[in-house]
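Undergrad: When you get a sec, could you give me coordinates for this:
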Amino acid sequence: MFQKKGYKVANKAYLLNYYPKTRTSPSMAVDLACKVIEAKLDLPEFEKTLRKMVKFLEKDYPNANEECKTCVYQVKRQQRMR
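TA: The predicted structure is shown next:
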């Protein structure tokens, strides 16, 4: 997008990755760790991937699978947070 507007763009990006410190805790509070990752950037491939992501995200969201323990857990957790 910036390149198309005439700005010079580097061939690298910085990704900020947040993730749970502990995956075993079922508590409502989640402690997060953070990691910065430098990644090479292929602009044409990035644009292609971004278009695929947008197309995917515009689809209808599937309902939770009642037979999936993770899905049921997430639904119940969301209900408790409301």
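Undergrad: switch to C-alpha atoms for all contacts and neighbour counts from now on
TA: Noted.
Undergrad: Could you verify that residue 17 is part of a helix?
TA: No. Residue 17 is assigned strand when assessed by DSSP: H, G, I helix; E, B strand; the rest coil, not a helix.
Undergrad: For it, give me its contacts.
TA: 34, 35, 36, 37 (C-alpha atoms under 8 Å, 6 or more residues apart in numbering).
Undergrad: which one among those residues gets closest to residue 77?
TA: Of all these, residue 77 sits closest to residue 34, with 23.1 Å by C-alpha to C-alpha.
Undergrad: what about the strands in the protein?
TA: Ranges of strands in the chain, per DSSP state E, are 12-20, 32-40.
Undergrad: if you average pLDDT over the last one, what comes out?
TA: If I follow you right, that is strand 32-40. The average pLDDT within strand 32-40 is 93.
Undergrad: re earlier: now the contacts of residue 17 in CSV, please, with extra columns for distance to residue 23 and neighbour count.
TA: CSV is the format used below for the contacts of residue 17 (distance: C-alpha to C-alpha, whole Å; neighbours: other C-alpha atoms under 10 Å):
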residue, distance to residue 23, neighbour count
34, 15, 11
35, 17, 10
36, 20, 10
37, 21, 10
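Undergrad: In the chain, where is pLDDT below threshold?
TA: Judged by pLDDT under 70, the chain has its weakly predicted residues at 25-28, 82.
Undergrad: do you know how far the most centrally placed residue in the chain is from residue 68?
TA: Nearest to the mean C-alpha position of the chain, by C-alpha atoms, centre = their mean, lies residue 17 at 9.1 Å. Counting by C-alpha to C-alpha, to the nearest Å, the gap from residue 17 to residue 68 is 27 Å.
Undergrad: what about residue 47, how many residues close to it?
TA: A count of neighbours around residue 47, defined by other C-alpha atoms under 10 Å, yields 12.
Undergrad: What angle do strand 12-20 and the lengthiest helix in the chain make with each other?
TA: For the chain, the helix with the greatest residue count under DSSP state H is helix 43-57. Angle, helix 43-57 to strand 12-20, by axes from the mean of the first three to the mean of the last three C-alpha atoms, to 10 degrees: 40 degrees.
Undergrad: how about helix 43-57: buried residues?
TA: Neighbour counts over helix 43-57 (16 or more other C-alpha atoms under 10 Å) mark no residue as buried.
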